[in-house]
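Asks: Pasted the sequence and its predicted model underneath.
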Amino acid sequence: MVAALLLVLGATVILRADLLPDKKFLLLPPVNFTIKVTGLAQVLLNWEPNPDQEQRNVNLEYQVKIHAPQEDDYETKNTESKRITILHKGFSASVQTILWNDRSLLESSWVSAELKAPPGSPRTSIVNLTCITNTVASDGTHFRPYQVSLHCTWLVGEEAPEDTQYFFYYRYGSWTEECQEYSKDPLERNIACWFPRTFINSKGREWLVVHVNGSSKYVTIKPFDQLFALHSIDRVNPPMNITAVTEGTHLSIQWEKPVSAFPIHCFDYEVKIYNIRKGYFQTEKMNANTFISIIDDVSKYSVQVRAAVSSVCRTVGLWSEWSQPIYVGNDEQKPSAEWLLIVLMATICFALLIFSLLCRICHLWTKLFPPVPAPKSNIKDLFVSTNYEKTCSSETEIEVISYVEEPGFEILQDSVF
């Protein structure tokens, strides 16, 4: 019995040893390695196992190394690999056969393939390409309840001739579409594109590929590719149906989720409450669609809410715009017309007070309004003197009155009675 067990064990060891590569086992590189463009910014790497490879009961794998436009490497058991990448800078890669065992890694030599960069004069391709997506409710004629719009803008290349014309394409998944609605610069060159409806899935995780090429009579326009992750360019809609109610010192705010293909639990919110009278903000973040705050019941407030898709459902992206403000509370401030009247009256009173003080200090009142002289007759009476002369006669008395005037007065004759 023991001899039989030893025999079986020995046979197993010999069999396992035959399955493992030894020092004489040679790995050969793959053959017929090709790189083929299968779509906008998409290539297919394909190769075949070396037909001269020694056949053993082992599982061969492959190491793929991307050289350009961006270095990367990975392992695969397949004999083909699809890559999403920009192609206006060209593409090159290498592949080798590998075999792992318990102790070491066996590798073949590398085989390589390359796609040349497309032709074009330097600095003629577009620059500063930016894109924004937005979700809108379907009008009922589409099979999906929500549709995604796309808006992209760019600048003309520095060395692009004046007759250059650019053409815009996007690809999402297997769908490719050319722009039909362009915006133009003063030279009638396309500098923006608008897709009111696209085949982009707002909940999808695939790359959005954008490709822009061009034409000119004078030079070859170099094309341009760019990849966008949807979460980084998706502009979320603001929350809907916002209500704000005050009860004493309590402010209650409620709202509904934005127009979006994402369900209600996929959103984070931010509430902004602005005290108009005191001039300060209060902001709060939450994942519920209600909020209660303690406020000053003698102030007026504006309330705004914005939203973003949370990390529960997608990589965190952009916040929406703030909703339109809702006003609640009491406004203790005077109306602007009443305040203007008060300020005007105060200004007038202050001006009169300053003028009065200046008059007293500088005697302006006397200079502006000198005193009026008294009538001449009154002045003359002050200079009248009476002389009485008597004769010795008892029968008759003669009274002599004489007037004496200062120089400048009219001379009157003596009167004798």
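Replies: Yep, it's here. Numbering: from 1, shown residues only.
Asks: pLDDT below threshold where in this protein?
Replies: 1-25, 140-143, 331-339, 363-417 (pLDDT under 70).
Asks: Would you point out which residue is most central in it?
Replies: E321 (8.4 Å; Cα atoms, centre = their mean).
Asks: hey, what's Q42 bridged with?
Replies: Assessed by DSSP bridges, Q42 has beta-bridge partners G39, I84.
Asks: Stretch 56-70: which residues count as buried?
Replies: Buried positions in stretch 56-70, judged by neighbour count with 16 or more other Cβ atoms under 10 Å: V58, L60, Y62, Q63, V64, I66. Any C-beta I mention is one placed from the backbone N, CA and C, and that applies to glycine too.
Asks: To clarify, my last question referred to stretch 108-126.
Replies: Those would be S108, V111, A113, L115, P118, G120, S121, T124, S125, I126, for stretch 108-126 by 16+ other Cβ under 10 Å.
Asks: Next step: the residues you listed restricted to strands.
Replies: Residues of those located in strands (DSSP state E): V111, A113, L115.
Asks: Kindly present these as CSV, with separate columns for distance to I292.
Replies: What follows is these, written out as CSV (distance: Cβ to Cβ, whole Å):
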residue, distance to I292
V111, 67
A113, 64
L115, 60
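Asks: For H211, see how far away R189 is.
Replies: When distance is defined by Cβ to Cβ, to the nearest Å, R189 is 17 Å away from H211.
Asks: of those two, who's got more company?
Replies: H211 (21 against 18; other Cβ atoms under 10 Å).
Asks: Pretty sure H265 sits against V312.
Replies: Yes: if you go by Cβ atoms under 8 Å, H265 and V312 touch, sitting 6.9 Å apart.
Asks: Name the nearest of the ones in strands among the buried residues of stretch 108-126 relative to R103.
Replies: V111 (26.3 Å; Cβ to Cβ).
Asks: tell me the domain ranges of the chain?
Replies: 26-115, 127-233, 240-329, 336-368, 376-416 (automatic domain parsing).
Asks: For the buried residues of stretch 56-70, which two are the farthest from each other?
Replies: Greatest spatial distance in the buried residues of stretch 56-70: V58 and I66, 26.3 Å, computed using Cβ to Cβ.
Asks: Can you get me a residue count around I292?
Replies: I292: 11 neighbours (other Cβ under 10 Å).
Asks: In space, what's closest to it - neighbours in sequence excluded?
Replies: Spatial nearest neighbour of I292, chain neighbours left out: S252 (5.2 Å); criterion: Cβ to Cβ, 6 or more residues apart in numbering.
Asks: any idea whether the one you found is helix, strand or coil?
Replies: Following DSSP: H, G, I helix; E, B strand; the rest coil, we place S252 in the strand state.
Asks: What ranges does the stretch 1-150 of the chain have for its helices?
Replies: Secondary structure of the stretch 1-150 of the chain by DSSP state H, counting those that start in this stretch: the helices cover 2-19.
Asks: thinking P122 is in contact with K222, fair?
Replies: Yes: between P122 and K222 there is a contact under Cβ under 8 Å: 7.2 Å.
Asks: what sits against the nearest residue to F195 once chain neighbours are set aside?
Replies: In space, and not counting its chain neighbours, F195 is closest to L150: 4.2 Å by Cβ to Cβ, 6+ apart. Neighbouring residues of L150 by Cβ atoms under 8 Å, 6 or more residues apart in numbering: C131, I132, T133, Y170, C193, W194, F195, T198, I200.
Asks: Looking at those residues, which is nearest V316?
Replies: V316 lies nearest to T133 out of the contacts of L150, by Cβ to Cβ, at 15.8 Å.
Asks: and the contacts of L150 as JSON lines, adding neighbour count and distance to A288?
Replies: Converted to JSON lines, those look like this (neighbours: other Cβ atoms under 10 Å; distance: Cβ to Cβ, whole Å):
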{"residue": "C131", "neighbour count": "17", "distance to A288": "32"}
{"residue": "I132", "neighbour count": "14", "distance to A288": "28"}
{"residue": "T133", "neighbour count": "24", "distance to A288": "26"}
{"residue": "Y170", "neighbour count": "24", "distance to A288": "36"}
{"residue": "C193", "neighbour count": "24", "distance to A288": "38"}
{"residue": "W194", "neighbour count": "15", "distance to A288": "35"}
{"residue": "F195", "neighbour count": "21", "distance to A288": "34"}
{"residue": "T198", "neighbour count": "17", "distance to A288": "32"}
{"residue": "I200", "neighbour count": "22", "distance to A288": "29"}
